[in-house]
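> Structure for the following, please:
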Amino acid sequence: MDGFSSLVGIFKSFLGFICRIFYSLSDLDMSVMVGRVNVQRVTRSITYYYTSRTPWGNSSSHSPPTLSPLPSKTDTPPTSRPNLSDLPSHPVVSSSLTPSTSDVPKHSASLTSTPTRPLLLLFPWLGARPSAVAKYQNIYLDRGLDVLTVNSDVWHFLWPRWGLEYAAEVLDILDDHRFKGRPLLVHAFSIGGYTFSQMLTQVVRAPDKYPGLAQRVVGHVYDSMVVGTLEHMATGLGKTMFPRVEPLVRHTAMFYFWLFKSKTVDYYDRAIKVIYDNPITAPALFFFCENDALCDPVAVEAIIDTWRRRGVTVDAKKWKESVHAGHLRCHPEEYLSTLERCLNLPLIRSKM
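Numbers count the residues shown, from 1 in each chain. Down below sits the predicted model:
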């Protein structure tokens, strides 16, 4: 046991060293937005942005935007989209999980029916620079939403128990007087989608502790969702974080997942199941591409088809070539027009 414990310590130290190097390359400038935007640091990794002098609960200077229903279509022709019967129940990491096919009630929440300002939950990609995240924050701030930015740590993914603890922390924050009861719009990028899935896992585990959370969500957007086989994720992790030593990172990650299967892989399987059986029935929107090393397009299309079969309205925008969590930069007009059409956010192009 002493030898095994030493080996565990070596791997954790090695991965911690990788993480420290990665974060040292990140842009640490916190001057994201100034002037009319108020910023409140909630925790080290969670920040609240709002444009009125006081949070919405004490001010009514803005009218909430309208969330339009998403049309039931994608940019992919029907003949090129895989049928659910042609795919595995879903591309789990190591076990076979069957998504629920029960009927889902239609989501009927409307942002125009509430006097409180909607809150955007923004989950950036790993190592996102504040200046890059600000482009998305401004889209929603300019349209009258407040923004709660929830940053993820690589250890939330590599050690899922910490990710679940972090998810519970975010859920507790949403119960704060500043946010409690407000309609929620979710926009998650890459590993941020995984963090949001951990929040859903907590909601499913303890529905009495987080009552009505799923019903508060009036729409959810996923950009470059991290999903696929274990080897696919390990490859993507290496290409995304350290492309020059991608094979080393991939093999190290695969060995790490094998060594701590019960603490990693089993948790990933549960997170994937929660995504397929998502308790949120509000309209959804996916952005993804075919050449993404971390976001398997076949897996994303399987999720889309599953949700549609459950009665959820889903739209999607897929590109043949783009960049992981960089679709706005590569395809600005298409990205913004899709948000404009699906979320009824007019004039956002003129704000960029």
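
> Run through the residues that contact residue 222.
Residue 222 sits next to 188, 193, 284-287 when contact means CB atoms under 8 Å, 6 or more residues apart in numbering. In this view, the C-beta of every residue, glycine as well, is placed from N, C-alpha and C.

> redo that, cut-off 6 Å
Applying CB atoms under 6 Å, 6 or more residues apart in numbering, we find residue 222 in contact with 188, 193, 286.

> Is residue 134 inside a helix or a strand, and which specific one?
helix 130-141 (DSSP states H and E).

> tell me the average confidence for that helix?
Averaging pLDDT along helix 130-141 gives 94.

> next one: stretch 279-289
On average, stretch 279-289 scores 96.

> quick one: contacts of that stretch?
69-70, 104, 107, 214, 217-223, 295, 297, 300, 312-319, 322, 327, 342.

> Given the host helix or strand of residue 149, what are its sheet partners and their directions?
Per DSSP H and E: residue 149 is located in strand 146-150. Strand pairing for strand 146-150, using DSSP bridges, gives strand 46-50 (antiparallel), strand 119-123 (parallel).

> Could you check the angle that strand makes with helix 130-141?
Put simply, strand 146-150 runs at 150 degrees to helix 130-141, going by axes from the mean of the first three to the mean of the last three CA atoms, to 10 degrees.

> ok, and the closest non-adjacent residue to residue 36?
Nearest non-adjacent residue to residue 36, counting by CB to CB, 6 or more residues apart in numbering: residue 51, 5.6 Å away.

> Low-confidence regions, the stretch 151-300 of the chain specifically.
Filtered on pLDDT under 70, the stretch 151-300 of the chain yields the residue ranges 240.

> hang on, the earlier thing: quick one: which of the contacts of residue 222 is most hemmed in?
Neighbour counts for the contacts of residue 222, by other CB atoms under 10 Å, peak at residue 193, which reaches 27 neighbours.

> gap between the residue nearest to residue 36 and residue 147?
Distance from residue 51 to residue 147, counting by CB to CB, to the nearest Å: 9 Å.

> between the two, who's got more neighbours?
Shown here are residue 51 and residue 147; by other CB under 10 Å, residue 147 has more neighbours (26 against 20).

> what residues are up against residue 331?
Contacts of residue 331 (CB under 6 Å, 6+ apart): none.

> And it, how far from residue 290?
Using CB to CB, we find residue 331 at a distance of 13 Å from residue 290.

> can you check residue 182 too?
Distance check for residue 182 against residue 290: by CB to CB, it reads 37 Å.

> go on, residue 136?
From residue 136 across to residue 290, the span is 23 Å (CB to CB).

> Restricted to helices, list the contacts of stretch 279-289.
Judged by DSSP state H, helices contain the following of the contacts of stretch 279-289: 214, 297, 300, 327, 342.

> would you turn those into CSV with neighbour count and distance to residue 248?
Below are the ones in helices among the contacts of stretch 279-289 laid out as CSV (neighbours: other CB atoms under 10 Å; distance: CB to CB, whole Å):
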residue, neighbour count, distance to residue 248
214, 18, 41
297, 21, 26
300, 23, 28
327, 23, 29
342, 22, 40
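
> Rebuild those residues as a markdown table, extending it with distance to residue 176.
Shown next, in a markdown table, are the ones in helices among the contacts of stretch 279-289 (distance: CB to CB, whole Å):
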| residue | distance to residue 176 |
| --- | --- |
| 214 | 19 |
| 297 | 37 |
| 300 | 33 |
| 327 | 32 |
| 342 | 29 |
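
> Looking at the residues you listed, which is nearest residue 274?
residue 214 (11.2 Å; CB to CB).

> burial count for the residue nearest to that closest one when sequence neighbours are not counted?
Closest residue in space to residue 214, ignoring its immediate chain neighbours: residue 279 at 4.2 Å, by CB to CB, 6+ apart. Per other CB under 10 Å, the neighbour tally for residue 279 reads 15.

> now swap in the one 3 residues further on and tell me
By other CB under 10 Å, 25 other residues sit near residue 282.

> if I look at it, how far off is residue 116?
From residue 282 to residue 116 the distance is 17 Å (CB to CB).

> again with residue 182
5 Å.

> The helix or strand containing residue 39: which residues count as buried?
Assessed by DSSP H and E, residue 39 sits inside strand 38-41. By neighbour count on 16 or more other CB atoms under 10 Å, the buried set for strand 38-41 is empty.

> can you check stretch 146-164 too?
Those would be 146-154, 156-160, 163-164, for stretch 146-164 by 16+ other CB under 10 Å.

> follow-up on the earlier one: for residue 182 and residue 290, indicate the residue with more neighbours.
Higher neighbour count among residue 182 and residue 290: residue 182, with 20 against 13, using other CB under 10 Å.

> and that one, helix, strand or coil?
The local conformation at residue 182, judged by DSSP: H, G, I helix; E, B strand; the rest coil, is coil.

> Which members of the contacts of residue 222 occur in strands, if any?
Of these, the ones assigned to strands by DSSP state E are 188, 286.

> could I get the contacts of residue 222 as JSON lines with distance to residue 168?
Shown next, in JSON lines, are those (distance: CB to CB, whole Å):
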{"residue": "188", "distance to residue 168": "17"}
{"residue": "193", "distance to residue 168": "18"}
{"residue": "286", "distance to residue 168": "26"}
